[in-house]
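1. A structural model of the following input is requested.
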Amino acid sequence: MEPYFGTTAVGAVKPKHLNAWLRWMVGERGYEESTAINRYETLAGVFSFAVANEYITRNPCQHVRTGRQRVKRRVKKTIRLPTLAEIEAIERHLPGPYKLLVWLMAGCGLRIGEACAVTLQQFDFESGTLYVDRQVTQDGENEEPKTEVQKAITKGGGRAHCIRHLKWRDLDEGRAVPVPSTIAAKVQEHVRLYGTFRVEEGLNRLEGTYLFSNIGRTNILMYSLVDRLWRNAKKAAGISSGSPRTGFPTSSPPPACRRAFQ
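-> Numbering: from 1, shown residues only. The predicted structure follows:
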């Protein structure tokens, strides 16, 4: 609830305060409306818990309308999957070691974090499947800083990048996705040209022979690098960044892509 509510007691929060908070998040903080609503719903859960345990008698969120469905409809209208021609154009303008990311996302339906964390051990080329059980995220454990320089670097910083099991799944649970023969050939060509990056088990790391690393091949592939490469490739390919927005092709491939990969 900070910094908006400060030390306001939970029982003192009224619907008018929540409506003002929603407007503040969008108008003052610059959050997307969907982000503001997600934060509101988290707080609403806190109030529900407080009512259930008789800390407060009424839930002020019951009298606040957030327009969740309206936001969902707007998001559906403004985000679309890139076409096969756009995917190919972006791939052409990516550095060689990262071209395969596009095809793992577009051809196998991987999310960006899952694509960044793909290992050779996940592939079964004989059956044509890829077992997805890990992802790169930015919610790892930060090491305790020991020097003054390390303290200065980590002060106020975010969580560390890590390779972890899929969110919302058990540690031994993943999903098998089909790997079209064209994508399998691209994987094998990638390994031949650029090799792999070995990671051992450790803090924020899962053991494996990974297909991607940072540019210097000293660490795992991180979001900031992928985002910069993607934006540069879109610009070089002449793909507009305006609406409708063309993001990472992280859902099921559109029909044109599916036909091309078969």
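
2. please enumerate the helices of the stretch 1-150 of the chain.
-> 15-27, 33-52, 68-78, 84-92, 99-108, 112-116, 148-154 (DSSP state H, counting those that start in this stretch).

3. closest to Gly174 out of those helices?
-> Nearest to Gly174, of all these, is helix 112-116, at 9.7 Å by Cβ to Cβ. Where you see a C-beta, it was placed from the backbone N, CA and C, and this is true even at glycine.

4. helices and strands around the closest one, which ones?
-> Judged by 3 or more Cβ pairs under 8 Å, 6 or more residues apart in numbering; DSSP states H and E, helix 112-116 is in contact with helix 99-108, strand 134-140, helix 223-236.

5. for Leu22, find the nearest of those.
-> strand 134-140 (25.7 Å).

6. can you pull the buried residues of that closest one?
-> By 16 or more other Cβ atoms under 10 Å, the buried positions in strand 134-140 come out as 134-137, 140.

7. for His17, state which of the residues you listed is nearest.
-> The closest of those, once distances to His17 are taken by Cβ to Cβ, is Thr137, at 33.2 Å.

8. got the contact list for the closest one?
-> 113, 161-162, 164, 167 (Cβ atoms under 8 Å, 6 or more residues apart in numbering).

9. winner for burial among the helices and strands packed on helix 112-116?
-> Highest mean neighbour count among those (mean count of other Cβ atoms under 10 Å): helix 99-108, with a mean of 24.

10. contacting residues around the residue nearest to Tyr98 when sequence neighbours are not counted?
-> Sequence neighbours aside, Leu229 is the residue nearest to Tyr98 in space, at 5.8 Å (criterion: Cβ to Cβ, 6 or more residues apart in numbering). Going by Cβ under 8 Å, 6+ apart, Leu229 touches 94-95, 98.

11. could you export these as JSON lines, including neighbour count and distance to Cys61?
-> Listed next are the contacts of Leu229 as JSON lines, based on neighbours: other Cβ atoms under 10 Å; distance: Cβ to Cβ, whole Å:
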{"residue": "Leu94", "neighbour count": "19", "distance to Cys61": "45"}
{"residue": "Pro95", "neighbour count": "11", "distance to Cys61": "48"}
{"residue": "Tyr98", "neighbour count": "22", "distance to Cys61": "44"}
